[in-house]
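Asks: Fold the following for me, if possible:
(chains A and B)
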Amino acid sequence: MGSITLEKVQKIYGNVEVIPGIDLTINDGEFVVFVGPSGCGKSTLLRLIAGLEDVSGGTLKIDGRDVTDIAPAKRGLAMVFQSYALYPHMSVRKNIAFPLKMAGVDKAEQDRKVEAAAKVLNLTPYLDRRPGQLSGGQRQRVAIGRAIVREPSAFLFDEPLSNLDAALRVNMRLEISELHQSLKTTMIYVTHDQVEAMTMADKIVVLQAGNVEQVGSPLELYRTPRNRFVAGFIGSPKMNFVEGEEAARHGAYAIGVRPEHLALSKESGQWKGTVGVSEHLGSDTFCYVHVDGIGTLNVRTSGEVSVHHGDTVYLTPSEANIHRFDKDGMALR
Amino acid sequence: MARQVKTSRKIAFTVIAWGVGLAIFFPILWTFLTSFKTEADAIADPPLFLNFHWTLENYTAVQERSDYFSHFMNSVIISVGSTLAGLVIAVPAAWAMAFVPGKRTKDVLMWMLSTKMLPPVGVLVPLYLLFRDAGLLDTRIGLVIVLTLINLPIIIWMLYTYFREIPGEILEAARMDGASLKAEILYVLTPMAVPGIASTLLLNIILAWNEAFWTLNLTAANAAPLTAFIASYSSPEGLFYAKLSAASTMAIAPILIMGWFSQKQLVRGLTFGAVK
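Replies: Next comes the predicted model:
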């Protein structure tokens, strides 16, 4: 079991309100991602749940039990840190066994569990090495191994992949997702990378300046963002925003169109512009088109499209996929 | 890229470095040489450097006149004891200041250091009276207590510097893994800080070994360490330089040898925080 409930949880440093007050429910077995720009309070929120920071106000419950004032060691949670935070003076085996040793598990049982975890994580050949002799990905796996052996009620991940190179990151992303499928344990994952959020989460919590902007499944956030911030943050490349006359025509202060919802044509269309930069990825082509009276719009077309700097092109937004926002940035429905 | 240094400059710096090194070492060398001279040669004018009559008579005289071994044991017990006692107090103190600093942590550190700025003689009388009333005069335990207190600021400062180098996330990981505060300090912090703790230990043994003010003033016979043993050869009249030198050589030899063998560790430890 591992449901986590936050009721008006607050964090104040001196007179800076880092988290003014958050209400959030995380259900048992869910994969929840906290996402937001740096400094939005997502790591702080995770540390509050972990107990590494004291809550300034509100209550925190795990499985209905109030843990607001309980030490991190007694909350039954496991955490994987960005820096891995392995114990450099211990072998991989001892690193993974450490939580079991602290829990007073007997030696034979420790060995059995460590071997089992190592097997799942492909660490068996490295059990007697020190963390310093491992690669980044292996270290990350040791950190995960250390978390899974104690069978926590929930896993907390604090930007665990940001120190890895791009290829490894994709691999580890899959491994963590797979781990979640097989363990079915609650996981809370903090990242600033919206691609990680979209691909891994059951539920995404978008944070900005310590406030929850929106909570929902990845596709809910993609299709029906509650405000301009969420609209701009979720989706890659970013949504294009247009203000002024064009927006007024749609009865809104601003409209948003995702790059994939703009049709690009060389002959005719609604908006005429010139190509600034075009990025050819093979599977996709991204064009930055300067449109008179509107600004620069990013367009995504699948496949290889032959457009170059200075070409005149026409863009047509897909009417059904236009997002409308009022003056305060809230979505109009 | 490394700076290009001209060969002539290199030679000049090497000569200067050797010169400074020899100048610092000269008194020790002179003491060592004097310990093999007769009392007459020791005060000869002009001084005799190597062309004197080498003799071991001072060492035999010193051995006959006083019990080197008991002083040596006192020195060992006092310096090792006060250092270990200091570590037991300083590890948790440095932990607290390095990992859960408060608003006043810097002030506390400065205040502790400021106690080292006080001339010890300023507190000699009150401390002497306290020791007399508590029956601690001329006892090993008394000296262990006073040297622990005298060197505690240095031990805490050194450990604080080393602990600050240890990433806090590792300790947080230990906390998440279910470690109690004691387990966290014992199984994670201390093993990681071993190089730092070792050099703190070495430096403090040396400081305590050489400490002369308190050891001379608070002891008479029973707990007198090697500093008192040296001092007992200094007298206002008669010839004593050669015997004093022999006693000094015997007193500093053990710590010099220990320092020699551990110098790599000492240098590493002392520059740990500074150059990293």
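Asks: Give me the distance between the residue of the stretch 1-150 of chain B found nearest chain A and residue A:14.
Replies: Residue of the stretch 1-150 of chain B nearest chain A, by Cβ to the nearest Cβ: residue B:103 (10.1 Å). Glycine gets a C-beta too; all of them are placed from N, C-alpha and C. Separation of residue B:103 from residue A:14 (Cβ to Cβ, to the nearest Å): 10 Å.
Asks: so how many other residues sit close to the residue of the stretch 1-150 of chain B closest to chain A?
Replies: 6 (other Cβ atoms under 10 Å in any protein chain shown).
Asks: For it, give me phi and psi.
Replies: phi -60, psi -30 (degrees, to the nearest 10).
Asks: Same check on the one 5 residues further on?
Replies: Backbone dihedrals for residue B:108, given as degrees, to the nearest 10, come out at phi -60, psi -40.
Asks: Report pLDDT for it.
Replies: Predicted confidence (pLDDT) for residue B:108: 92.
Asks: element containing the closest residue to it other than its chain neighbours?
Replies: Leaving out its chain neighbours, the residue that sits closest to residue B:108 by Cβ to Cβ, 6 or more residues apart in numbering or on different chains is residue B:97, at 7.0 Å. Under the criterion of DSSP states H and E, residue B:97 resides in helix B:68-99.
Asks: What is that helix packed up against?
Replies: Judged by 3 or more Cβ pairs under 8 Å, 6 or more residues apart in numbering or on different chains; DSSP states H and E, the packing partners of helix B:68-99 are helix B:105-114, helix B:140-164, helix B:194-210, helix B:226-231, helix B:241-261.
Asks: same thing but 7 Å
Replies: The elements that helix B:68-99 packs onto, with contact taken as 3 or more Cβ pairs under 7 Å, 6 or more residues apart in numbering or on different chains; DSSP states H and E, are helix B:105-114, helix B:140-164, helix B:194-210, helix B:226-231.
Asks: ok now do residue 143, which residues does it touch?
Replies: With no chain named, the answer covers chain A. Listed by Cβ atoms under 7 Å, 6 or more residues apart in numbering or on different chains, the contact set of residue A:143 reads A:80, A:81, A:84, A:85, A:86.
Asks: That was the other one, I meant chain B.
Replies: Contacts here follow Cβ under 7 Å, 6+ apart; on that basis residue B:143 touches B:78, B:214, B:215, B:218, B:219, B:223.
Asks: so which of those residues comes closest to residue B:45?
Replies: Minimum distance to residue B:45 across those is 33.6 Å, recorded for residue B:215 (Cβ to Cβ).
Asks: Roughly how far does that closest one sit from residue B:80?
Replies: Counting by Cβ to Cβ, the gap from residue B:215 to residue B:80 is 14 Å.
Asks: And the two? Which one has more around it.
Replies: Taking other Cβ under 10 Å, residue B:215 and residue B:80 do not tie; residue B:215 has more neighbours (25 against 16).
Asks: where does that one land on pLDDT?
Replies: 87.
Asks: Cross-check the contact I'm expecting between it and residue B:229.
Replies: No: here residue B:215 does not reach residue B:229: they are 10.1 Å apart, not a contact under Cβ atoms under 7 Å.
Asks: Show me which residues of the stretch 51-200 of chain B sit near chain A.
Replies: With Cβ under 7 Å from any Cβ of the partner chain as the criterion, the stretch 51-200 of chain B comes near chain A at residues B:167, B:169-170, B:172-173, B:175-180, B:183, B:188, B:191-192.
Asks: switch the cut-off to 10 Å
Replies: For the stretch 51-200 of chain B, the residues in contact with chain A (Cβ under 10 Å from any Cβ of the partner chain) are B:166-181, B:183-184, B:187-188, B:190-194.
Asks: Could you write me a ChimeraX select line covering just the buried ones among those residues?
Replies: The buried residues among these can be selected in ChimeraX (16 or more other Cβ atoms under 10 Å in any protein chain shown) with this line:
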select /B:166,169,170,171,172,173,174,175,176,177,178,179,183,184,187,188,192,193
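Asks: which ones among the residues of the stretch 51-200 of chain B next to chain A are found in helices?
Replies: Counting by DSSP state H, these place B:168-176, B:181, B:183, B:190-192, B:194 in helices.
Asks: For the spatially most central residue of chain B, which non-adjacent residue is closest in space?
Replies: Taking Cα atoms, centre = their mean as the criterion, residue B:207 is the residue nearest the geometric centre of chain B, at 1.6 Å. Once flanking residues are discounted, residue B:207 sits nearest to residue B:151: 5.7 Å by Cβ to Cβ, 6+ apart.
Asks: The one you found: neighbour count?
Replies: 24.
Asks: For it, give me its contacts.
Replies: For residue B:151, the contact set (Cβ atoms under 10 Å, 6 or more residues apart in numbering or on different chains) comprises B:79, B:82-83, B:85-86, B:90, B:116, B:200, B:203-205, B:207-208, B:211.
Asks: Let's have the residues you listed in CSV, adding pLDDT.
Replies: As requested, the contacts of residue B:151 are arranged in CSV below (pLDDT from 0 to 100):
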residue, pLDDT
B:79, 93
B:82, 95
B:83, 94
B:85, 95
B:86, 94
B:90, 93
B:116, 85
B:200, 89
B:203, 88
B:204, 91
B:205, 91
B:207, 90
B:208, 91
B:211, 87
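Asks: List only those of those flagged as buried.
Replies: Buried members of the contacts of residue B:151, counted by 16+ other Cβ under 10 Å: B:79, B:82-83, B:85-86, B:90, B:200, B:203-205, B:207-208, B:211.
Asks: sorry, back to before: distance to residue A:9 added to the helices and strands packed on helix B:68-99, as TSV?
Replies: Formatted as TSV, the helices and strands packed on helix B:68-99 follow (distance: least, Cβ to Cβ, whole Å):
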stretch	distance to residue A:9
helix B:105-114	28
helix B:140-164	31
helix B:194-210	38
helix B:226-231	61
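Asks: Let's see stretch B:241-253 as CSV, backbone CA atoms only.
Replies: Below are the C-alpha coordinates for stretch B:241-253, written out as CSV (Å, rounded to 0.1, in the frame of the first residue of the first chain):
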residue,chain,number,x,y,z
TYR,B,241,73.4,22.0,28.0
ALA,B,242,74.6,18.6,26.7
LYS,B,243,72.4,16.7,29.1
LEU,B,244,69.4,19.0,28.3
SER,B,245,70.0,18.3,24.7
ALA,B,246,70.2,14.6,25.3
ALA,B,247,66.9,14.7,27.2
SER,B,248,65.3,16.8,24.4
THR,B,249,66.4,14.4,21.8
MET,B,250,65.0,11.5,23.7
ALA,B,251,61.7,13.4,24.2
ILE,B,252,61.2,14.5,20.6
ALA,B,253,62.4,11.4,18.9
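Asks: quick one: buried residues of that stretch?
Replies: Quick answer for stretch B:241-253 (16+ other Cβ under 10 Å): B:241, B:242, B:243, B:244, B:245, B:246, B:247, B:248, B:249, B:250, B:251, B:252.
Asks: sorry, back to before: identify the contacts common to residue B:215 and residue B:229.
Replies: Common contact partners of residue B:215 and residue B:229 (Cβ under 10 Å, 6+ apart): B:74, B:75.
Asks: ok, the closest residue to residue A:246 other than its chain neighbours - contacts?
Replies: Using Cβ to Cβ, 6+ apart and skipping the chain neighbours, the partner closest in space to residue A:246 is residue A:294 (6.0 Å). Contacts here follow Cβ under 10 Å, 6+ apart; on that basis residue A:294 touches A:240, A:241, A:242, A:243, A:244, A:245, A:246, A:247, A:271, A:273, A:315.
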